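J.: Build me a model from this:
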Amino acid sequence: MKKAIIFLSAILILTGCTRQSENKAAQRVNKATIESLWLPAIFNDNMVLQQKDKVPFWGKAQPGENVVVKGSWGESAQTKTNREGKWQLTLATTAAGGTFTVTVKGNSSTITYQNVLLGEVWVCSGQSNMEMPLEGWPPVSPVNNSDWEIQHADFPQIHLFNVQRSIAITPKSDCKGKWVVCSPQTAAGFSATAYFFGRKLHRELGVPIGLIETSWGGTPAESWTSGEFLGKTKDFAPIVEKLPQVEAQFNLLKKWLLEHKTIDISDKPDETRWKDLNFNDRECADPAFDDNDWHEMKLPVLWESTAVGQFDGVIWFRRVFSVPDAWLGKPAIVELGPIDDMEVTYINGVEVGGYEQPGEWQRHRKYKIEAGIIKSGKNIIAVRVLDNQGGGGIYGKPEQMKVYLGDSEAVQTVSLAGKWKYLPVAEYSNNQFYVFGGQNNDYFKRPQLSVQLSSQTPTILYNAMIAPLIPYGIRGVIWYQGETNTGNPAQYGWLFPLMIKNWRADWKRGDFPFYFTQIAPFDYGDMTKSQELREAQMLTLKTLNTGMAVTMDIGDPTNIHPENKQEVGRRLALWALAKDYGRKNLPYSGPIYKSMRVEGRRIRVKFEPWSLGRGLIAGEKGLQQLAIAGSDHIFYPAKGEIEGNDLMVFSRKVTNPIAVRYCWNNAARVDLFNKARLPASSFRTDNLN
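T.: Numbers count the residues shown, from 1 in each chain. Predicted coordinates for the structure are as follows:
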């Protein structure tokens, strides 16, 4: 399963430790010093301000300086900076419209923002399913009809702000990003879910829409929660307490990284971006190369779970294998299973195959070894793996890693699973590689951190990608996340509501709307019970002013990134339209379990009245995802009948029923809907909190 997790690349983003970014940062500081007036990046040309509100503006200037903010719609406000030069005020906005200008004037400088709109502003956050752009991640994870959608994404009154990926040990006052007008060019790389949500609102309401995307694939909810809130929990307090101690270690690591050669690929064409990159490492494919000082890793595995940790970049893997003499002079086949993301494979120094374009992380690698390449005795397989985002490595199943003669596995198979030697040769971050090379094993000499910093570290994304947005005027939040927390659903049951409480407390805008997407069916494997995570999300509906878009009918058990982002965005928008924009009698949710009652040999299941949407209906093949249990707690497949607004569940094998479960596995596809064709959430009646 692909999880967009960043290792040292995230650390590079945290420190801004590219020379280019440092120069730009210095330029911004110098400019601010000269002008003596500074506002964070969320204030920019093309910004959308929440209509009919008192929206906060804030920034820095000289201590004691007068600051006046004026909107061309006729409102203004003023304040004076404190002893630290900080200032904040609120500016009244009128009904939706524009375009306007906003002028911020200090004692000696003025900033004017152009093409400002007044409308509805939503923060759009989460992990990869929120991050997944309108153009998708083809070929494995496309967005339905993306070419057409991009071509028609011309909405001058929808403006987009994308927070650049970053992590921080402590809360930051600014982020990188800028407001842009929605067009085919700008929408292609913007969140598909957020775009479809905003488009639906714009079409229905006829007002400007501002979408602030702040997302990062493969990240858990604790990364998006502040240290103030996590520090009060027993699960996360220990690491929150340690984070400030990492600063000195981190400075050493930053210095070490800056001593290395860099390769900038930002200007390379997309189709060749990852090809023919020289990391001073080609000798690693040579069978005579001395790899005695390389470290060992047991494959298959995602390297995030090994000593490598969270890492984006290039790692070489080498292994010795032997074959029967009968193979000599004959063609063979090598299989390695899926590799995340790209790779080139060599046998005895000869390239036998590879994929050097993104999107192939689920592809099973199978290459022909031409006759004459395999030798008697010792053979060397060398694989250069390039991971540009997320979990990296040769990560399939042991039985998928093998060499065999021709196409006949039945003759004899040599397993390649087990210990391999490995060496990281380049680190990737923000379109740049930091080159360690294949000589001197330089990577293993890098300074170590007592706490590993990555996009998965608790508080780290809140500090860098949420705190800089607060207290910008917003209507609410949409959220699409949960896959990374499937390993601990019980924890998510209190962590997710805590995160919502955290954001609301810090924004100081009351219990603003917080609508989220329930994770879709996906085959996580026997070790993961994602249905319990979906249950935790459903129970979060107990939190005031929340809503959940169910996606159990549009998921793909083989792909964690559902292609139908149009429907995800639409369903989130239904909640907003019904709850925030006065669209009465609009069905906005599928059936949500409320209660049960035993009636003889049957159980009557009731649903929340607001979720019924004019009544229940079954799928085309009937109700096939029900199970029922008696006092022995053994669940048997059950039949279901719709009786009014209730569901009656029964089985011949259960005479004294006590509990019902529906779609209670990782990959179940829903077959219960309301008449608005909105699907029911999975549920169980036997273990609700």
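
J.: any idea how far Val301 is from Ala307?
T.: Distance, Ala307 to Val301, by C-beta to C-beta, to the nearest Å: 11 Å. C-beta: built from backbone N, CA, C; applies to glycine.

J.: and stretch 143-162, which residues are buried?
T.: Val143, Ser146, Glu149, Ile150, Ala153, Phe155, Gln157, Ile158, His159, Leu160, Phe161, Asn162 (16 or more other C-beta atoms under 10 Å).

J.: Would you mind measuring from Gly510 to Asp341?
T.: Distance from Gly510 to Asp341, by C-beta to C-beta: 43 Å.

J.: who's more crowded, those two?
T.: More crowded of Gly510 and Asp341, by other C-beta atoms under 10 Å: Asp341, with 24 against 8.

J.: could you list every residue that touches that one?
T.: Residues near Asp341 by C-beta atoms under 8 Å, 6 or more residues apart in numbering: Pro358, Gly359, Glu360, Trp361, Leu386, Asp387, Asn388, Gln389, Gly390, Gly392.

J.: Let's see that with 7 Å instead.
T.: By C-beta atoms under 7 Å, 6 or more residues apart in numbering, the contact set of Asp341 is Pro358, Glu360, Trp361, Leu386, Asp387, Asn388.

J.: Kindly indicate which of those lies nearest Lys542.
T.: Of all those, Lys542 sits closest to Trp361, with 37.0 Å by C-beta to C-beta.

J.: okay but that closest one is in contact with Pro338, surely?
T.: Yes: here Trp361 lies in contact with Pro338, judged by C-beta atoms under 7 Å, at a distance of 6.5 Å.

J.: higher neighbour count, these two?
T.: Higher neighbour count among Trp361 and Pro338: Trp361, with 24 against 19, using other C-beta under 10 Å.

J.: ok, now how distant is the more buried one from Glu65?
T.: 52 Å.

J.: Same check on Cys124?
T.: According to C-beta to C-beta, Cys124 and Glu65 sit 35 Å apart.

J.: Walking through this structure, point out its helices one by one.
T.: For the chain, the helices defined by DSSP state H cover 8-15, 19-35, 128-131, 146-151, 184-187, 192-205, 227-230, 237-242, 247-257, 460-461, 489-507, 530-539, 565-579.

J.: pLDDT of stretch 131-151, averaged?
T.: Average pLDDT, stretch 131-151: 94.

J.: what do you get for stretch 278-293?
T.: 95.

J.: Now that stretch - C-alpha only, PDB.
T.: Output of stretch 278-293 as PDB, limited to C-alpha atoms (Å, rounded to 0.1, in the frame of the first residue of the first chain):
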ATOM      1  CA  ASN A 278      23.800  10.500 -12.100                       C
ATOM      2  CA  PHE A 279      24.300  10.100  -8.300                       C
ATOM      3  CA  ASN A 280      27.900   9.000  -8.700                       C
ATOM      4  CA  ASP A 281      26.700   5.500  -8.100                       C
ATOM      5  CA  ARG A 282      26.900   3.500 -11.300                       C
ATOM      6  CA  GLU A 283      29.600   1.300  -9.900                       C
ATOM      7  CA  CYS A 284      27.000  -0.200  -7.500                       C
ATOM      8  CA  ALA A 285      25.700  -2.400 -10.400                       C
ATOM      9  CA  ASP A 286      29.200  -3.800 -11.000                       C
ATOM     10  CA  PRO A 287      29.400  -7.400  -9.700                       C
ATOM     11  CA  ALA A 288      33.000  -6.800  -8.700                       C
ATOM     12  CA  PHE A 289      32.100  -3.700  -6.600                       C
ATOM     13  CA  ASP A 290      33.100  -4.100  -2.900                       C
ATOM     14  CA  ASP A 291      29.900  -3.800  -0.800                       C
ATOM     15  CA  ASN A 292      31.300  -5.400   2.400                       C
ATOM     16  CA  ASP A 293      30.600  -2.200   4.400                       C
END
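
J.: Can you list the buried residues in that stretch?
T.: Using 16+ other C-beta under 10 Å as the test for burial, stretch 278-293 gives Phe279, Asp281, Cys284, Ala285, Pro287, Phe289, Asp291.

J.: same question, stretch 170-180
T.: For stretch 170-180, by 16+ other C-beta under 10 Å, it's Pro171, Lys172, Asp174, Cys175, Lys176, Gly177, Trp179, Val180.

J.: same thing with stretch 611-623?
T.: Buried residues in stretch 611-623, counted by 16+ other C-beta under 10 Å: Ser611, Leu612, Gly613, Leu616, Leu623.

J.: from memory the second one sits against Gly590, does it?
T.: Pointing back at Leu612 there. No: in this structure, Leu612 is not within contact of Gly590 by C-beta under 7 Å, at 9.3 Å.

J.: Common neighbours of the two, please.
T.: Common neighbours of Leu612 and Gly590 (C-beta under 7 Å, 6+ apart) are Asn674.

J.: what's the closest non-adjacent residue to Asn66?
T.: Lys80 (5.6 Å; C-beta to C-beta, 6 or more residues apart in numbering).

J.: Next, count neighbours for that neighbour.
T.: For Lys80, using other C-beta under 10 Å, the count is 12.

J.: again, but for the one 3 residues further on
T.: Arg83: 7 surrounding residues under other C-beta under 10 Å.

J.: Next: Ala371.
T.: 13.

J.: And it, what's its pLDDT?
T.: Per-residue confidence (pLDDT) for Ala371: 94.

J.: didn't Pro138 look like it was pressed against Pro358?
T.: No: with contact defined as C-beta under 7 Å, Pro138 does not count as touching Pro358 (9.0 Å).

J.: what residues are up against Lys378?
T.: Val320, Ser322.

J.: rewinding a little: which of the contacts of Asp341 lies closest to Val550?
T.: Using C-beta to C-beta, the contacts of Asp341 come closest to Val550 at Trp361, 27.4 Å.

J.: picking up where we left off before, so for Cys124 and Glu65, which sits in the more crowded spot?
T.: Set side by side, Cys124 and Glu65 show more neighbours around Cys124, with 28 against 18, by other C-beta under 10 Å.

J.: partner residues bridging that one?
T.: Here Cys124 sits in beta bridges with Glu213, Ile478, going by DSSP bridges.

J.: Surely it touches Leu211?
T.: Yes: if you go by C-beta under 7 Å, Cys124 and Leu211 touch, sitting 5.6 Å apart.

J.: Need the residues touching each of these two.
T.: Contact criterion C-beta under 7 Å, 6+ apart; residues shared by Cys124 and Leu211: Ala194.

J.: what's around His364, how many residues?
T.: Using other C-beta under 10 Å, His364 has 12 other residues around it.

J.: coming back round to it: turn the buried residues of stretch 170-180 into CSV, columns for distance to Gly600.
T.: Listed next are these as CSV, based on distance: C-beta to C-beta, whole Å:
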residue, distance to Gly600
Pro171, 58
Lys172, 61
Asp174, 64
Cys175, 60
Lys176, 63
Gly177, 60
Trp179, 62
Val180, 62
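
J.: Just give me the closest of those to Arg684.
T.: Pro171 (38.8 Å).

J.: and that closest one, what does it touch?
T.: Residues in contact with Pro171 (C-beta under 7 Å, 6+ apart) are Asn463, Ala467.
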